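Asker: Here you go, sequence then predicted model.
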Amino acid sequence: MNGNAVRVLAIYFLWKKRQQKRRRTVGVDPYNATRLLRGEHVTSFSDLRENSYKFYKYFRLSTSSFDELLCKLEFSLRRSSIRRIPIAPVEKFIGRVP
């Protein structure tokens, strides 16, 4: 075998090994499956929403500004999925606001 064929075989075997590592054993990690029960959005967002001062301190936005921005961005943040429940646009928006 010449050097070029050896390189091609080496690259192929490295690629094959990498493909095997990528296979997932679980569709959704059990930690992420509890997001609807224990996630930050579920536990603290409603409390922040009730207290406008804390809401402003946390998001640097008033509740009306937050709602207005969310209405404008909701379509681009929305996903649809058949296999699992997607993250709500509000939760995605919270993750993007510093």
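Answerer: Structure received. Numbers count the residues shown, from 1 in each chain.

Asker: and the helix or strand of the chain with the lowest mean pLDDT, C-alpha only, in PDB?
Answerer: When the helices and strands of the chain are scored by mean pLDDT, DSSP states H and E, helix 30-33 comes last with a mean of 70. C-alpha atoms of helix 30-33 as PDB (Å, rounded to 0.1, in the frame of the first residue of the first chain):
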ATOM      1  CA  PRO A  30     -33.400  12.500  32.700                       C
ATOM      2  CA  TYR A  31     -32.200  15.800  34.200                       C
ATOM      3  CA  ASN A  32     -33.700  17.700  31.300                       C
ATOM      4  CA  ALA A  33     -36.900  15.800  31.500                       C
END
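
Asker: I'd like the next helix or strand past that helix.
Answerer: helix 35-38 (DSSP states H and E).

Asker: got the contact list for that next one?
Answerer: 42, 85, 87 (CB atoms under 8 Å, 6 or more residues apart in numbering). The C-beta positions use only the backbone N, C-alpha and C, and glycine is treated the same way.

Asker: chain center to the next helix or strand after that helix, what's the gap?
Answerer: With elements assigned by DSSP H and E, the helix or strand that comes after helix 35-38 is helix 40. Centroid separation for helix 40 versus its chain: 13 Å, with CA atoms, centre = their mean, to the nearest Å.

Asker: And the next helix or strand past helix 40?
Answerer: That would be, after helix 40 and using DSSP H and E, helix 46-50.

Asker: If you count neighbours, what's buried in the helix or strand following that following helix?
Answerer: Counting by DSSP H and E, the element after helix 46-50 in chain order, helix or strand, is helix 52-59. Neighbour-count burial for helix 52-59 flags 55, 59 (criterion: 16 or more other CB atoms under 10 Å).

Asker: Which elements pack onto helix 52-59?
Answerer: Here helix 52-59 touches helix 46-50, helix 63-77, going by 3 or more CB pairs under 8 Å, 6 or more residues apart in numbering; DSSP states H and E.
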